[in-house]
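Peer 1: My questions are about this predicted structure, shown below with the sequence.
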Amino acid sequence: MKVKISTKEKFHTLQVIEEDLSANMTDELSKKMQDILDSDIKNIVLDLKQVKRIDVKASSTLIDTNDLFKLHNASFVICEIQPKVKKVLKESGALEHLNVTPTESEAWDIIQMDEIERELLD
């Protein structure tokens, strides 16, 4: 699986460089993201702009990853979802459990708000 990782001040962006995102691929992606939870910068923006198809099992893995990040007080935001992928996520019920934004810039806004909220709750 091809993934481009770039690191910003408060988050990593993982851009999937594949047209199909299967369950096996999301398992591999999930492992990469879990490794990031051990780093100083724990927040992730998952950029799916190049993904044109996703299977239902893969959407379930994304929910599990989202839950894991919440448990570790980290943010997991998905951006740039293509219409067909969004449709599968919506039909599977996954969309309502995920933080989804149209752009990376808006994902950064979500991460900033999450950071402020975590600071206030500590």
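Peer 2: Nice, I can see it. Here the structure is a predicted model, which means the values were calculated and not measured.
Peer 1: Point out the other helices and strands that the longest helix seen in the chain packs with.
Peer 2: The longest helix of the chain (DSSP state H) is helix 104-121. Using 3 or more C-beta pairs under 8 Å, 6 or more residues apart in numbering; DSSP states H and E as the contact test, the elements touching helix 104-121 are strand 11-16, strand 43-47, strand 76-79, strand 99-101. (Glycine included, C-beta is placed from N, CA and C.)
Peer 1: quick check, distance from the helix or strand bottoming out on mean pLDDT in the chain to the centre of its chain.
Peer 2: When each helix and strand of the chain is scored by mean pLDDT, DSSP states H and E, helix 23-36 comes last, with a mean of 86. Distance of helix 23-36 from its chain centroid, counting by C-alpha atoms, centre = their mean, to the nearest Å, is 10 Å.
Peer 1: which strands and helices sit next to it?
Peer 2: Packing partners of helix 23-36 (3+ C-beta pairs under 8 Å, 6+ apart): strand 3-7, strand 11-16, strand 43-47, helix 56-71.
Peer 1: Report the angle between it and helix 56-71.
Peer 2: Calculated by axes from the mean of the first three to the mean of the last three C-alpha atoms, to 10 degrees, helix 23-36 forms an angle of 10 degrees with helix 56-71.
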